Structures are given as C-alpha cells and as structure tokens.
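Undergrad: Structure, please.
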Amino acid sequence: MRMLSHLFDQAMDAKTQIPSVQKVNTRYLETLIGYNARRAALAIIGVFMDRMRLYDLRPVDFSVLSLIAHNPGITSRQLCASLGLQAPNLVGMISTMEKRQLIHRLPHPQDGRATGLHPSAEGLAMMRSAEKTAAQLESETADRLSPEERKTLIALLKKVYK
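TA: Now for the predicted structure:
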C-alpha cells in the first residue's frame with residue numbers, strides 16, 4: 001500500500017510540472033508565406049461560399065465562369081492553364097454550366113479540333129451580379145487594408161504564383 005501511495009505522489013508531482021499553454025505561440029508559422037496566405041484565404045472563402053450560394057457557384061465555378069465571361073471563345077485548355085486545373089476536373093463543370101444555360105460551346109474559328117466557350121445572356125447577367133457580390137465581400141473582409149495596401153498585397157501574391 002505504501003508503494004502505491006508513493007507512486008501516486010510521484011504522479012501528482014509530475015502532473016504539476018506538465019506545461020500548459022496560456023497563449024499559443026504562432027511566431028514560426030507566421031513567418032511562412034503559405035501559412036499566411038492560407039489564413040487570409042480562410043478569412044475570405046467562408047464568406048465567399050455563403051454569398052455565392054445565391055448563384056449556386058463554388059469558388060472554382062466562379063473563376064471559370066468569370067474567365068468565360070471576360071474571354072468569350074476561351075478554350076478548355078486555356079481555362080486549365082489560367083487556373084491551374086486538370087482537364088478532367090473541368091469537363092463536369094463545363095457540362096453543368098451548359099445544362100444551366102450559363103454558357104454555350106461554339107466551334108473555334110482557327111482550330112477545328114477546339115471548341116470555344118461563350119457566356120449566354122443569362123450567364124453574363126449572373127456573372128455581373130456575382131462579381132459585384134465578390135467585390136463587396138472582399139471590401140468587407142479586407143477593410144483593414146487601405147486601397148494601396150490591397151494593391152500591394154495582390155501584387156506580392158502574384159509574384160509568388162506567376
């Protein structure tokens with residue numbers, strides 16, 4: 001019984017020496033571009049997804065439709081290259097957008113094997129509205145940045161991925 005009591009006392013002494021965290025130290029993570037970019041994206045993406053539900057658009061759908069709206073006749077290959085997408089992942093998105101009558105396909109004028117993607121009138125109208133919504137939410141979520149800081153941040157991020 002004495003031995004058990006002694007072990008219990010040792011465990012209690014050890015327990016009092018177990019460290020606890022009052023304030024989390026994130027100094028190292030905060031030196032990493034990826035960590036900071038991801039945290040900034042998370043601050044925006046949740047709001048973005050909530051607001052884009054109105055249009056039934058996921059972030060990647062928004063990007064694809066925006067490029068089609070601003071580049072009528074763009075090919076799937078060009079979309080993949082611009083957004084870093086794999087072709088198989090784009091096929092379903094394009095089909096869904098076509099079924100929703102947001103886009104239509106037309107033969108490419110210079111490449112008989114390619115198809116150009118064009119926004120429909122409905123797709124253009126929806127994209128205009130969705131882009132206004134996106135601009136508003138970015139303004140709200142990045143309200144601690146001045147317009148010049150926002151431009152600088154975008155320019156610096158582009159230097160990382162371009």
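
Undergrad: how about the helices in this structure?
TA: Ranges of helices in the chain, per DSSP state H, are 2-17, 33-52, 59-70, 76-83, 87-99, 121-141, 147-161.

Undergrad: Quick check: which of those helices is buried the most?
TA: helix 59-70 (a mean of 19; mean count of other CB atoms under 10 Å). C-beta coordinates here come from the backbone N, C-alpha and C atoms, glycine included.

Undergrad: Quick one: residues in contact with that one.
TA: 45, 48-49, 52, 55, 57, 74, 79, 82-83, 85, 90, 93-94, 96-97, 102-103, 117-119, 123-124, 126-128, 130-131, 134 (CB atoms under 8 Å, 6 or more residues apart in numbering).

Undergrad: Now do the residue nearest to residue 83 when sequence neighbours are not counted, the pLDDT please.
TA: Leaving aside its sequence neighbours, residue 83 sits nearest to residue 63 (CB to CB, 6 or more residues apart in numbering; 5.6 Å). Reading off the confidence values, residue 63 has pLDDT 97.

Undergrad: Over to residue 142?
TA: So residue 142 comes in at 87 (pLDDT).

Undergrad: ditto for residue 13
TA: 59.

Undergrad: Ok, residue 105 next?
TA: pLDDT at residue 105 comes out at 95.

Undergrad: do the one 4 residues further on as well
TA: According to the per-residue confidence, residue 109 scores 85 in pLDDT.

Undergrad: residues contacting it?
TA: 73, 116.

Undergrad: With residue 142 instead?
TA: Counting by CB under 8 Å, 6+ apart, residue 142 has contacts 44, 150.
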